[in-house]
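>>> Next comes the sequence, and after it the predicted model I'd like to discuss.
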Amino acid sequence: MSDPLHALSLKALSQGIVDAKFSSMEVTEHFLNRIETFDPALNSYLTVTKEQAIAQAEQADNTIRSGQPHSPLAGIPYALKDLYCTQGIRTTAASKILDNFISPYDATVQSKLRHSGAVLLGKNNMDEFAMGSSNENSAYGNVANPWDHARVPGGSSGGGAACVAAGLAPFSLGSDTGGSIRQPASFTGITGIKPTYGRISRYGMIAFASSLDQCGPMTRSAEDAALVLQSLAGFDEKDSTSAQVDVPDYSADLDKPLDGLKIGLPKEFFADGLDQAVAASIDAAIAQYKKLGATIKEVHLPHSHLAVASYYVVASAECSTNLSRFDGVRYGHRCEDPKDLLDLYERSRWEGFGDEVKRRIMVGTYALSAGYYDAYYRKAQKIRRLIKQDFIDVFKQVDVIMGPAAPNTAFKLGEMIDDQVSMYLADLYTIPVSLAGLPGMSIPIQQANGMPVGLQIIGNYFEEARLLNVAHQYQLNTDDHLQTPKQYQ
Ligand code: GLN
């Protein structure tokens, strides 16, 4: 029996469409049907763009049939975190304040995918404004983890992770500020990559913390991630933080053997707080890398224990300024019958933002206020510099760093909702990488207690191709990334 369409790689989907084994329309309808059947239980989509998808699929089929040159993503469906502006399509950032917002323009990543002929299936659920680690901060309800509906899919790109894990889209774009691609990828058993800060344009991506936010693909394999990254990476004059660095061929090095690869294991990533079963899976993955010819070295990231504290000052400070634009005047929710301008601002924001967003705005405003700026914000920036230096020193000794993507497997819904500090610690291993602006990836390895575990692979600046190569070699030699939750096979 041949594999169902939702089990095929992007390459196989693309080849199948070109060879007329099936059409983009059939593939698109297959995914739309699966969304209809399975998404009521998962809640991974906030908007399904069925009509547009069918029209785009028809157009892709025409282009391909007429023999015109086309991108490898032509005709392939995908989903987008609801943080990316999509022209004419509701874009909420999972916030009530943007409940009625229809974007007048496309984010650069969306226009790139649209021009490549890929087919948008819809917009994924997420934590409100990308603040969270469990998707429980969405104004539109939780997302269930396809491996166990009583558990969270991680966050903030929880909808994208769940939908890819359940085969409700071949790939999705997430965003990662402190771990929001890697941690949900880890919790749901998919492959997620956060590229170097500046690698992908963020124009049209609703801002959370501008010095950290980065877009990245969520896929079922490193090979798929290479194809998606290829279509997104590159300088964009509309984003002043996008990097003017050449884009390599991300698929070219995938098959390179790993002989002599130097892997650093930071001692600090294997200390207290790491679940024993997760640690055992990481050990097994490292053993596999040794078999593939890699050498292992213990390394140190001595300031990493300060990362979470520093991150919550920096990210909150930046979000408090970014979110000041939601004032009830320009777009989004406006309160009824304001009595004056101040009342309009206050009530619109009070009614529109959820608790976690309000908490961060308050922390950020406090940290930036006169008298506290030096004590908190400046200090956090200094720590950030030290963390970056730690990584620079380690990359003089090794090619990649490996460790867990998250300290635990997916936790139960509601388990941490009243314990912000534990929730913040879910990003213990991803946040240092974000503060340094480095590329990081999570790939599924041997499960622990029946739930997925992610191995984090961290590279030097702009070395995404190396990360993808290292991940692909593991996936060529194991089938951990092929595991899918039973009811979604
Ligand atoms: N969980 C972290 C936070 O809540 C990271 C979120 C993200 O990467 N967008 O800020």
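Perfect, I can see it now.

>>> who's in contact with the residue of the stretch 301-450 of the chain found nearest the ligand?
The stretch 301-450 of the chain approaches the ligand most closely through residue 427 (4.7 Å), counting by C-beta to the nearest ligand atom. C-beta coordinates here come from the backbone N, C-alpha and C atoms, glycine included. Neighbouring residues of residue 427 by C-beta atoms under 8 Å, 6 or more residues apart in numbering: 133, 178-179, 183, 308, 311, 406.

>>> By neighbours, which of the residues you listed wins?
residue 183 (34 neighbours; other C-beta atoms under 10 Å).

>>> for the ligand, what are the nearby residues on the stretch 1-150 of the chain?
Residues of the stretch 1-150 of the chain found near the ligand, taking C-beta under 6 Å from any ligand atom as the criterion, are 130-133.

>>> Among these, which one lies nearest to residue 42?
Nearest to residue 42, judged by C-beta to C-beta, of these is residue 132 at 17.1 Å.

>>> Look up the closest residue to that closest one, ignoring the ones flanking it.
residue 155 (4.3 Å; C-beta to C-beta, 6 or more residues apart in numbering).

>>> How many residues are close by that neighbour?
Count around residue 155 with other C-beta under 10 Å applied: 33.

>>> Name the SS class of the residue of the stretch 301-450 of the chain closest to the ligand, please.
coil (DSSP: H, G, I helix; E, B strand; the rest coil).

>>> if I look at residue 122, how far off is the ligand?
20 Å (C-beta to the nearest ligand atom, to the nearest Å).

>>> okay, now that residue: neighbour count?
29.

>>> okay, it: pLDDT?
With respect to pLDDT, residue 122 scores 98.

>>> Could you look up the SS state of it?
strand.

>>> What residues does it make contact with?
35, 45-50, 53, 79-80.

>>> hmm, 10 Å instead?
Residues in contact with residue 122 (C-beta atoms under 10 Å, 6 or more residues apart in numbering) are 31-32, 35, 39, 44-50, 52-53, 77-80, 82, 86, 89, 159, 163, 168-169, 172.

>>> Please identify the residues of the stretch 351-489 of the chain in proximity to the ligand?
residue 427.

>>> The stretch 351-489 of the chain: strands as residue ranges?
400-404, 440-448, 451-458 (DSSP state E, counting those that start in this stretch).

>>> Would you reformat those strands as TSV and include distance to residue 432?
Converted to TSV, those look like this (distance: least, C-beta to C-beta, whole Å):
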stretch	distance to residue 432
strand 400-404	10
strand 440-448	9
strand 451-458	9
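
>>> among those strands, which is the most enclosed?
strand 451-458 (a mean of 28; mean count of other C-beta atoms under 10 Å).

>>> quick check: angle from that strand to strand 440-448?
150 degrees (axes from the mean of the first three to the mean of the last three C-alpha atoms, to 10 degrees).

>>> who does strand 451-458 pair up with?
Strand pairing for strand 451-458, determined by DSSP bridges: strand 400-404 (antiparallel), strand 440-448 (antiparallel).

>>> Which one of the ones you listed lies nearest to residue 66?
It's strand 440-448; of the strands paired with strand 451-458, that one is closest to residue 66 (C-beta to C-beta) at 37.2 Å.

>>> Between the contacts of residue 427, which sits nearest residue 270?
residue 406 (13.5 Å).

>>> My read is that that closest one contacts residue 182, right?
Yes. Residue 406 is within contact range of residue 182, at 7.8 Å (criterion: C-beta atoms under 10 Å).

>>> what is in contact with the two at once?
Taking C-beta under 10 Å, 6+ apart as the contact rule, residue 406 and residue 182 both touch 154, 427, 429-430, 442, 454, 456.

>>> okay, and the helix or strand of this structure with the least pLDDT?
helix 420-425 (a mean of 84; mean pLDDT, DSSP states H and E).

>>> partner residues bridging residue 192?
residue 218, residue 442.

>>> Just give me the residue right at the centre of the protein.
In the chain, the residue lying closest to the centroid (C-alpha atoms, centre = their mean) is residue 181, at 2.4 Å.

>>> Perfect, that will be all.
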